[in-house]
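Peer 1: Sequence plus predicted model, see below.
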Amino acid sequence: MCFGGRYFLPLELLIITVADYGLTEDDVVKLCKICKYLAELFSTLILYVLPVYKIDCLHPVRSISYSLDSLYIAVGCDDSNIYIYAKCGYLVQTLIGHCSKITSIAFSPDGKRVASGSWDKTVRIWDTKSRQQPQQLKGHTNSVWSVAFSPNGKRVASGSADKTVRIWDAESGQQLQQLNGHTDSVNSVAFSPDSKCIASGSFDKTVRIWDAESGQQLKQLDGNTSIVLSVAFSPDGRRVASGSGCSDKTVRIWDIESGQKLTQLNGHTNWVNSVSFSPDGNRVASGSWDETARIWDAESGQQLQQLDGHTDTVFSVAFSPDGKHVVSGSYDKTVRFWEAELWQQPRQLDGHTDSVWSVAFSPNGTHVASGSSDKTVWIWDRESGQQLRQLNGHNGIVRSVAFSPDGKRVVSGSDDTTVCIWDTESGRRLRRLKGNTDYVWSVVFSPDGKRVASGSWDKTVRIWDAESGQQLQRLDGHTDTVCSVEFSPDSKRVASGSDDETVRIWDIESGQQLWQLYGHTGSVLSVVFSPDGKHVASGSVDNTVRIWDTTSGQQLQQLYGHTNTVQSVAFSPDGKRIVSGSNDKTVRIWDAESGQQLRQLRYLTVFVYSVAFSSDGKRVASGGDDNTVRIWELKNIR
């Protein structure tokens, strides 16, 4: 299991009931705190965090709710039961009483009660401490789709397929108000932070704001083009988020005072079932029938993260009270916990006037080089994003760039059939290496800085003396374009990937081919050695990343997930992670040993042509067809 982003025992070993071991709830709380302490203690040993851990339930999950102290999570399921879990994975309590599917649940502010709504037309309020039979609030004449506690804990609101919103006294269970106005099923209700207002969303395509005391309708927010399935107030009470279904599939953020739409969040490909603001109000989480949860910037509307892993509809999402995690519940019978703050938004380096084909970090991580279809090489300051040098001289697309080990030189390969070596300080071209008879698609310095390798459309790999520019070796064997070349860490071997669908490993001194690695079913566009030289990773037009043993030539892993051509791959400096960039417009991080996908960074419109890790492993650079370089800062690295 992973607690707070750190590794723990498998969850199936942790899910127990209090009765099974005679534990009190105080015992469970203490165990959770111990788990948290151990997680912090061992976190210094872990460079990357898994993005998700999960609770496996026996039935589809329709609703989830965090307690405000973050210690408990309530889960409402299709078996008509409510399950209370301690955050560390223990099943603490099962609440039995409803006669049909649970559609909505909510913790009271003090965490001592849970409100629930069901297809059985009732609202129930459960005392989680005394475990007495719940209050049963009757009045709705059709299924109850949503319930919410007021932040002061005094009232409960409910929305129903009977087209009404009802307000109940949380202590006595008495109905205080019936809010009429919606012309179709009320799917979601939410209290404002001051408990004075209620928002409701309906099949009638409207969001309505009500006075919780008088029951008067204050606002009607029109603009959704289809049914509204979910509403949520921002923490400051000034905005409401709504999620919509059918043909709409959007999240909208509204200004309550003016009734105007502020932002529309586009990206989901199916109904949006649930929305939730982060505690600081800066982000919105959403869950959808498209089987994803997503995190958005509430101000700009930009998608920050797409959380993939569920295999069926995501019915419910919620931020943890500290904003560090998102929890999601799905029809796939799982509850999943996601790191919500692992990645910062990337820094964007603008300046190229055409697609960026290649990016590389300098050895000390302070600079980035980029090669572009605009025929230039640029050197950037990584911290400020400022352009330091523009290297002009190529007469064709610059397909590949790489720094020398000392960072004083950059090598570039171009469609003009030449390889150029540049001084990074002055921007002066030091050498122009001629010999290839067609486009040069890949170049790299040897780790000792003495040689340069190039791969070309002329089907050859060539080894050059980096000082004199003299050609030392020509490696023949590929039967189609050589798309990528890479030196081994000891500078004695070169790996190459080709349109002939093979990866080959060569001895540089003799020019002999050591291995020909078969497995890809499409062109191999990128190859890279692991830092210890024992493995090679390759990316291909067949949408896969593969990992090979350089001693035996055997394929060790095949990494599935990309849905289009994998253009570029790179190992992290410790060799434990692989980054890949693809025409599916994503950058993905993988565990090199298990092959598990750890993180997906999604662009909105951009093919990703190149990716690279910084030398400290804390950043990833990427280049794509939107003419920009992006630098992703990886947080929580120690």
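Peer 2: Okay, I see it. Numbering: from 1, shown residues only.
Peer 1: so which strand or helix has L262?
Peer 2: Secondary structure from DSSP states H and E places L262 in strand 261-265.
Peer 1: what element comes up after that strand heading to the C-terminus?
Peer 2: Following the chain from strand 261-265 toward its C-terminal end, the next helix or strand by DSSP H and E is strand 272-277.
Peer 1: before we move on, the earlier item: the strand holding L262: partners in the sheet, and parallel or antiparallel?
Peer 2: With DSSP bridges as the test, strand 261-265 is paired with strand 251-255 (antiparallel).
Peer 1: Output the partner strand as PDB, nothing but the C-alphas.
Peer 2: Output in PDB follows, covering the C-alpha atoms of strand 251-255 (Å, rounded to 0.1, in the frame of the first residue of the first chain):
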ATOM      1  CA  VAL A 251     -17.300  21.800 -16.000                       C
ATOM      2  CA  ARG A 252     -18.400  25.400 -15.600                       C
ATOM      3  CA  ILE A 253     -17.400  27.900 -12.900                       C
ATOM      4  CA  TRP A 254     -19.900  30.700 -12.100                       C
ATOM      5  CA  ASP A 255     -19.800  34.000 -10.300                       C
END
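Peer 1: Return the set of buried residues in it.
Peer 2: Using 16 or more other CB atoms under 10 Å as the burial criterion, the residues of strand 251-255 that qualify are 251-254. Bear in mind the C-beta positions are built from the backbone N, C-alpha and C, glycine included.
Peer 1: got it, and stretch 570-587?
Peer 2: Burial within stretch 570-587, assessed by neighbour count using 16+ other CB under 10 Å, is assigned to 570-572, 575-587.
Peer 1: What score does G181 have for pLDDT?
Peer 2: For G181, the model assigns a pLDDT of 95.
Peer 1: Skipping adjacent residues, who's closest to it in space?
Peer 2: Nearest residue to G181, sequence neighbours excluded (CB to CB, 6 or more residues apart in numbering): Q217, at 5.2 Å.
Peer 1: Output the below-cut-off pLDDT ranges for the stretch 251-400 of the chain.
Peer 2: Segments of the stretch 251-400 of the chain classed as low confidence (criterion: pLDDT under 70) are 341-346.
Peer 1: Let's verify D184: helix, strand, or coil?
Peer 2: Secondary structure state of D184, per DSSP: H, G, I helix; E, B strand; the rest coil, is coil.
Peer 1: That one is in contact with S200, isn't it?
Peer 2: No: under the contact definition of CB atoms under 8 Å, D184 does not touch S200, with a separation of 11.4 Å.
Peer 1: neighbour-wise, which of the two wins?
Peer 2: S200 (27 against 14; other CB atoms under 10 Å).
Peer 1: residues in contact with the more buried one?
Peer 2: The contact partners of S200, taken as CB atoms under 8 Å, 6 or more residues apart in numbering, are 159, 165, 179, 182, 186, 188-190, 207-208, 210, 231.
Peer 1: that's a strand at it, yeah?
Peer 2: Yes: when three-state DSSP is applied, S200 is found to be in a strand.
Peer 1: Of the buried residues of stretch 570-587, which belong to strands?
Peer 2: If you go by DSSP state E, the buried residues of stretch 570-587 have 570-571, 577-582, 586-587 in strands.
Peer 1: And the furthest pair within the residues you listed?
Peer 2: Between all members of those, the longest pairwise span (CB to CB) is found for F571 and T586 and amounts to 18.3 Å.
Peer 1: Quick one: the strands in the stretch 501-638 of the chain, in order.
Peer 2: Assigned strands in the stretch 501-638 of the chain, in chain order: 503-507, 513-517, 524-529, 535-540, 545-549, 555-559, 566-571, 577-582, 586-591, 597-602, 608-613, 619-624, 628-633 (criterion: DSSP state E, counting those that start in this stretch).
Peer 1: can you list these in CSV and add distance to R113 and mean pLDDT?
Peer 2: As requested, these are exported to CSV (distance: least, CB to CB, whole Å; pLDDT from 0 to 100):
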stretch, distance to R113, mean pLDDT
strand 503-507, 61, 97
strand 513-517, 61, 96
strand 524-529, 55, 97
strand 535-540, 52, 97
strand 545-549, 49, 97
strand 555-559, 46, 95
strand 566-571, 51, 96
strand 577-582, 44, 94
strand 586-591, 41, 90
strand 597-602, 37, 76
strand 608-613, 48, 91
strand 619-624, 45, 88
strand 628-633, 41, 83
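Peer 1: rewinding a little: I'd guessed the residue nearest to G181 sits against L179; true?
Peer 2: Yes: taking contact to mean CB under 8 Å, the distance of 7.4 Å between Q217 and L179 places them in contact.
Peer 1: Tell me which of these two has more neighbours.
Peer 2: A direct count of neighbours by other CB under 10 Å for Q217 and L179 places L179 higher, at 24 against 16.
Peer 1: Return the distance of the more buried one relative to A115.
Peer 2: 17 Å (CB to CB, to the nearest Å).
Peer 1: now the nearest residue to A161 once chain neighbours are set aside, what's its secondary structure?
Peer 2: Counting by CB to CB, 6+ apart, A161 lies nearest to N142, which is 3.8 Å off, once chain neighbours are set aside. Classification of N142 using three-state DSSP returns coil.
Peer 1: if I look at N142, how far off is R429?
Peer 2: Applying CB to CB, one obtains 76 Å for the distance of N142 from R429.
Peer 1: Contacts only, for D184.
Peer 2: With contact taken as CB under 8 Å, 6+ apart, D184 is in contact with 163, 202-204, 227.
Peer 1: Could I get the phi/psi values of it?
Peer 2: Main-chain dihedrals, D184, degrees, to the nearest 10: phi -150, psi -180.
Peer 1: quick one: it and N81, what's the gap?
Peer 2: For D184 relative to N81 (CB to CB), the value is 29 Å.
Peer 1: With E213 instead?
Peer 2: Counting by CB to CB, the gap from E213 to N81 is 34 Å.
Peer 1: so R239 bridges to which residues?
Peer 2: Assessed by DSSP bridges, R239 has beta-bridge partners D255.
Peer 1: Let me know whether it touches L262 as I believe.
Peer 2: Yes: with contact defined as CB under 8 Å, R239 counts as touching L262 (6.7 Å).
Peer 1: Can you work out which residues contact both of these two?
Peer 2: In the contact map built from CB under 8 Å, 6+ apart, the residues linked to both R239 and L262 are 253-255.
Peer 1: Tell me the one of those nearest S274?
Peer 2: The closest of those to S274 turns out to be I253 (CB to CB; 14.9 Å).
Peer 1: Could you pull up the contacting residues of the closest one?
Peer 2: Remark: with contacts taken as CB under 8 Å, 6+ apart, I253 is in contact with 239-242, 261-265, 284, 298, 301.
Peer 1: Mind picking the two most distant members of those residues?
Peer 2: With CB to CB as the measure, no two of these lie farther apart than V240 and G301, at 14.9 Å.
Peer 1: Same drill for the two, tell me which one is more crowded.
Peer 2: More neighbours surround V240 than the other of V240 and G301, with 29 against 18 (other CB under 10 Å).
Peer 1: ok, that one - contacts?
Peer 2: The neighbours of V240, taking CB under 8 Å, 6+ apart as the test, are 190, 199, 207, 209, 221, 231-234, 253-254, 256.
Peer 1: next one: N273
Peer 2: N273 is in contact with 229-230, 243, 245, 287-289, 313-316, counting by CB under 8 Å, 6+ apart.
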